[in-house]
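Student: Turn this into a model:
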Amino acid sequence: METIDFFPIEVEQTSWQNSSVQLKAIRHQMFVDEQHVPIEEEIDEHDPVAMHWLAYGPDEIPMATARMLPDGQIGRMAVLKGYRQLGVGSALMRKMIKYAVREGHQELTLNAQITALPFYEGFGFTAQGENFLDAGIPHRKMVLDLHQYTDHTPKPVLKEIAEEDRQRISVEGLDQFRDQAVSLVQLAHREVRIFSERLEAAIYSNTEFCDAIYTFATSHPLARVNILVRDLYQIRHQTNQLKELCHRLPSRIQMRKFNSLEPCLHREFLLIDKSGILYKQEPERFIGYAVSYAPLEAIELVEEFDNHWEQGEVDPELRRLHI
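Tutor: Modelled structure (predicted):
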């Protein structure tokens with residue numbers, strides 16, 4: 001079976017003055033050569049005043065680009081054919097959203113090709129108005145409201161930690177494990193990590209847990225859920241609500257197969273941010289503990305998870321075509 005190894009992506013913010021050669025080359029290949037956009041329409045008067053981004057892959061090869069105008073309009077997003085379905089477009093979009101929030105933009109707009117609507121919807125963009133033609137290609141306007149994000153302050157992270165948040169709760173059985181998983185996800189701010197043997201359906205494929213994951217993943221453009229699974233057999237061959245969420249929100253919820261060359265003694269755990277833990281202590285039974293604030297222990301697990309995540313495989317059966 002085909003597998004996709006960890007793929008390094010480096011995104012650089014740049015300008016037309018500094019990187020026009022690379023920017024032109026990528027855009028020409030995608031828009032002019034592939035999509036037959038007239039060359040005189042591909043480069044315009046906005047390029048010199050826009051902010052641009054370049055994505056580099058292995059050996060520092062430029063493979064994708066996008067731009068943002070001073071009014072917050074995103075455009076000219078192009079990923080070279082050999083680098084698609086590898087998360088390159090998602091990496092570009094995350095960088096642009098972070099930049100827009102930092103610069104105080106209230107919204108982002110773009111004119112999306114119809115085939116790319118699901119990709120942008122995964123970042124919270126909503127379509128507006130009717131379809132229209134741009135360079136002979138059907139497009140639709142999309143908008144991302146950033147107001148809710150610019151109002152955020154760091155206060156939730158600095159809140160006073162109650163003593164009960166530091167206490168470990170004993171967990172026994174699938175039902176208690178599921179309930180604690182739901183409770184922790186509801187407390188998450190930016191990151192949820194799940195390490196699992198086979199993504200037990202009773203825990204991870206029930207409506208309550210998946211609703212919590214969906215609510216979290218769509219709560220902020222930078223929210224991320226990473227799921228690392230040892231055995232994907234049941235996920236591939238059985239209906240699973242969490243798998244469907246991966247398909248619906250591929251830029252925010254991602255799943256990989258454990259493929260680390262390094263040993264891992266853990267069986268099952270769920271992490272929120274770098275503080276909350278749900279941990280399975282017995283190999284054959286769902287017995288363990290949950291704690292909503294244990295940063296020292298959580299950070300160690302996060303570092304170990306991220307190391308294994310980078311070596312994980314993306315199963316082609318769990319992907320859908322997106323930029």
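Student: Model confidence for residue 239, exactly?
Tutor: Looking at residue 239, its pLDDT stands at 69.
Student: which residues touch the residue lying closest to residue 283 once chain neighbours are set aside?
Tutor: Counting by CB to CB, 6 or more residues apart in numbering, residue 283 lies nearest to residue 267, which is 5.5 Å off, once chain neighbours are set aside. The way it works is simple: take the backbone N, C-alpha and C, and place the C-beta from them, glycine included. Going by CB atoms under 8 Å, 6 or more residues apart in numbering, residue 267 touches 197, 280, 282-283.
Student: ranking the residues you listed by neighbours, who comes first?
Tutor: Counting neighbours by other CB atoms under 10 Å, residue 280 leads these with 22 neighbours.
Student: Would you confirm that residue 76 contacts residue 69?
Tutor: No - with contact defined as CB atoms under 8 Å, residue 76 does not reach residue 69; the gap is 10.0 Å.
Student: These two - which one has more neighbours?
Tutor: Neighbours of residue 76 and residue 69, each counted by other CB under 10 Å, are more numerous for residue 76; the result is 21 against 14.
Student: Can you classify the more buried one by secondary structure?
Tutor: Recorded secondary structure, residue 76: strand (DSSP: H, G, I helix; E, B strand; the rest coil).
Student: ok, back up a step: can you flag which of the contacts of residue 267 belong to strands?
Tutor: Among the contacts of residue 267, the ones falling in strands (DSSP state E) are residue 280.
Student: Would you reformat the contacts of residue 267 as JSON lines and include pLDDT and distance to residue 126?
Tutor: As requested, the contacts of residue 267 are exported to JSON lines (pLDDT from 0 to 100; distance: CB to CB, whole Å):
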{"residue": "197", "pLDDT": "89", "distance to residue 126": "38"}
{"residue": "280", "pLDDT": "90", "distance to residue 126": "39"}
{"residue": "282", "pLDDT": "81", "distance to residue 126": "45"}
{"residue": "283", "pLDDT": "74", "distance to residue 126": "45"}
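Student: TSV for the contacts of residue 267, including distance to residue 306?
Tutor: What follows is the contacts of residue 267, written out as TSV (distance: CB to CB, whole Å):
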residue	distance to residue 306
197	19
280	19
282	25
283	23
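Student: farthest-separated two in the contacts of residue 267?
Tutor: With distances taken as CB to CB, the most widely separated pair in those is 197 and 282, at 11.9 Å.
Student: How about the residue positioned nearest the centre of the chain: what's its closest non-neighbour residue?
Tutor: The centroid of the chain falls nearest to residue 252 when counting by CA atoms, centre = their mean (3.0 Å). Spatially, and ignoring its direct neighbours in sequence, residue 252 is nearest to residue 217 (4.4 Å; CB to CB, 6+ apart).
Student: Tell me how many other residues surround residue 34.
Tutor: 12.
Student: Could you name the specific helix or strand carrying the residue of the chain positioned farthest from its centre?
Tutor: Using CA atoms, centre = their mean, the residue of the chain lying farthest from its centre is residue 40. It sits 34.8 Å away. Applying DSSP states H and E as the criterion places residue 40 in helix 39-42.
Student: Show me the shaky parts of the stretch 51-200 of the chain.
Tutor: Applying pLDDT under 70 to the stretch 51-200 of the chain flags the ranges 148-161.
Student: Now do the strands in it.
Tutor: Taking DSSP state E, counting those that start in this stretch, the strands of the stretch 51-200 of the chain run over residues 51-56, 62-68, 73-79, 107-113, 126-134, 137-145, 169-172, 191-196.
Student: distance of residue 192 from residue 9?
Tutor: Distance of residue 192 to residue 9, computed by CB to CB, to the nearest Å: 21 Å.
Student: now residue 66
Tutor: 13 Å.
Student: Show me which of those two is the more surrounded one.
Tutor: residue 66 (26 against 17).
Student: so residue 261, which of the three states?
Tutor: Quick answer, by three-state DSSP: residue 261 is coil.
Student: Next up, the contacts around residue 147.
Tutor: Residue 147 touches 106-107, counting by CB under 8 Å, 6+ apart.
Student: swap in residue 9?
Tutor: 55-57, 86-88, 91.
Student: Dump the residues you listed to a markdown table, plus neighbour count and distance to residue 221.
Tutor: Shown next, in a markdown table, are the contacts of residue 9 (neighbours: other CB atoms under 10 Å; distance: CB to CB, whole Å):
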| residue | neighbour count | distance to residue 221 |
| --- | --- | --- |
| 55 | 26 | 18 |
| 56 | 17 | 23 |
| 57 | 18 | 23 |
| 86 | 20 | 20 |
| 87 | 20 | 15 |
| 88 | 21 | 17 |
| 91 | 19 | 13 |
